[in-house]
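Asks: my questions concern the predicted model and sequence given below.
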2 protein chains.
Amino acid sequence: MGRPRTPLLDRERITTTALELIDEKGEFSVPQMARRLGVQTGSVYHHVDGRGGVVELVRERVCAAIDSAAFDVEPWDAAMTAWARSYRAAFAAHPRAIPLLMTSPVRAPKVLEHYERAVRLLLGVGFAMAEVMTVITALENLVLGSALDLAAPETMWELPDDTTTPRLAEALAAVGTGRADAAFELALGAFIGHARALLDAKEA
Amino acid sequence: MGRPRTPLLDRERITTTALELIDEKGEFSVPQMARRLGVQTGSVYHHVDGRGGVVELVRERVCAAIDSAAFDVEPWDAAMTAWARSYRAAFAAHPRAIPLLMTSPVRAPKVLEHYERAVRLLLGVGFAMAEVMTVITALENLVLGSALDLAAPETMWELPDDTTTPRLAEALAAVGTGRADAAFELALGAFIGHARALLDAKEA
C-alpha cells in the first residue's frame, strides 16, 4: 500500500478551485473552496497563508500566462507594447478575477519580478525614478479596462426600435467586428507614443 | 385611512438595495434583494423588467452622477476630458459595479443619450462614422480601468524585507501620494492628444 498518487489537497488544486469559483461568481471564500474540494475548511488553511495567500496563488496562476520574454524585445517601446498585449490576453481569460486582483496588494514573488523588469526597462531608457510607477500604472489601467471589455457581449448597446439616439445607431452600424481589439490598440498606440515623446523631450 | 406615504416598494428603493448589495458583494440576485426589502421575490419582479431591468436601473443611478454639461464645454477635446473625469469619479464611487455594468448590454435611455452626445460631438469635429465608437470605447476602457484602480489599497505592492526586486522598491519609495490620479491624467492626456493628432492629420 503506497500513498495515493494524487494528493487530496495541494496548492495547485487549491488554486484551480479558487479560480473556478472566481470565474463563476467573481468571488470565492475558503469554506466554499473546501466544500468543492471535499475537505474541511481547516485543511485548506493548512496549505495556504489565509485567504490573502489564495489570492496571491490565483494572481501567480493568471500572470503565468504573461510572456515575460516581452521584456527582451527591442527597442523598449516594442517591449512595453508586447508586454501590454500579453498582459491583456492573460487577464481576458479571467475577467472576473480583475477587480479582486486590482484591489488586493501584490505579494506574489513571480509577479513582483515582472514589475521589477518593467521598472528596470523604463529606468534604463531614461524615465525618472519618480515617474516609472505612474507610467506602469497608466498602462495597466488601459490593459485591464480593455481586458474587462473583452468579456462584454457582442451587442453592447441595445437600442429600442423607436430610437431617440439616431447618430449612435449609425455609429454602431458602422463599427466592424473587433471593436474591442481596435479600441485597445488605439489606446495602447496613443499611450506608447506619448511615453516616447516624453522621453524624446528629456533628451532634447 | 389614506395610503401609506412611503410605498413599501418602488423602483428607487429597488435600485438603492441592488446597488447596496453590489457595493458589498460585487453581485446581487433578485431573491437577495427581496429578503433585504422584506418582500416576496415576486413583488420585486412586479416593479422591474427582470434582473436585466435592475441592472439598467443601477446603471442609470451610477451614471446620473456623470456631468452631462461636460459636452457643452469647448473645444471638443476639453469636453471629452471633462466627460472622462466626471465618468471616472461616478464609477469610482461604485467600483464593484464596474464589471457587472461593463458586461451587460446598455439599454437605459438616459445612458444611451450620453453616448448619443459623445457620438455627435466626435462626428461634429470630423471623426469618421466608422471610428467614433472605437474612440469612445478606448476612452471608456481607460476611465473604467482607472476607476477600479481608485479602489486599490494605499500600499498596492507589498515587498518582503529581503526583497529581490530592489529597483521596484526604489520606484515605489519615489512615488508620491496620488499615484492613481497621476496615472489617470497621464493616460487621459496621452489619449486626447493622440485623438487631436488624428484629427489634425485629416485636416492637413
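Replies: Now that the structure is in, tell me what you want to look at.
Asks: and the residue of chain A closest to chain B?
Replies: Closest residue of chain A to chain B, CB to the nearest CB: A:Gly145 (2.8 Å). C-beta: built from backbone N, CA, C; applies to glycine.
Asks: may I have the phi/psi pair for the residue lying closest to A:Ala89 once chain neighbours are set aside?
Replies: Spatially, and ignoring its direct neighbours in sequence, A:Ala89 is nearest to A:Ala65 (7.1 Å; CB to CB, 6 or more residues apart in numbering or on different chains). Here is the backbone geometry of A:Ala65 (degrees, to the nearest 10): phi -80, psi -10.
Asks: can you report how many residues neighbour the residue nearest to A:Trp157 when sequence neighbours are not counted?
Replies: In this structure, A:Trp157 finds its nearest non-sequential neighbour in B:Val106, 5.0 Å apart by CB to CB, 6+ apart. Counted with other CB atoms under 10 Å in any protein chain shown, residues neighbouring B:Val106 total 23.
Asks: over to A:Leu172?
Replies: By other CB under 10 Å, 20 other residues sit near A:Leu172.
Asks: also A:Val55?
Replies: 24.
Asks: what about it, is that helix, strand or coil?
Replies: Three-state call for A:Val55 (DSSP: H, G, I helix; E, B strand; the rest coil): helix.
Asks: could I get the phi/psi values of the spatially closest residue to it that is not a sequence neighbour?
Replies: Sequence neighbours aside, A:Ser104 is the residue nearest to A:Val55 in space, at 4.9 Å (criterion: CB to CB, 6+ apart). Dihedral pair for A:Ser104: phi -120, psi 140, per degrees, to the nearest 10.
Asks: quick one: contacts for A:Ser104?
Replies: A:52, A:55, A:59, B:153 (CB atoms under 8 Å, 6 or more residues apart in numbering or on different chains).
Asks: show me the two of these that sit farthest apart.
Replies: A:Arg59 and B:Pro153 (14.0 Å; CB to CB).
Asks: so which of the two has more stuff around it?
Replies: A:Arg59 (20 against 11).
Asks: the more buried one against A:Pro109, yeah?
Replies: No. Checked against CB atoms under 8 Å, the pair A:Arg59 and A:Pro109 is beyond contact range at 10.7 Å.
Asks: check which helix or strand the residue most central in space within chain A maps to.
Replies: Centroid-nearest residue in chain A: A:Phe91, 3.6 Å away (criterion: CA atoms, centre = their mean). Assigned by DSSP states H and E, A:Phe91 falls within helix A:76-92.
Asks: list the buried residues for stretch A:90-107?
Replies: The neighbour-count check on stretch A:90-107 (16 or more other CB atoms under 10 Å in any protein chain shown) flags A:90-92, A:94-104, A:106-107 as buried.
Asks: now do that stretch, average pLDDT.
Replies: Averaging pLDDT along stretch A:90-107 yields 93.
Asks: quick one: low-confidence parts of chain A?
Replies: Residues of chain A meeting the criterion pLDDT under 70: A:1-8.
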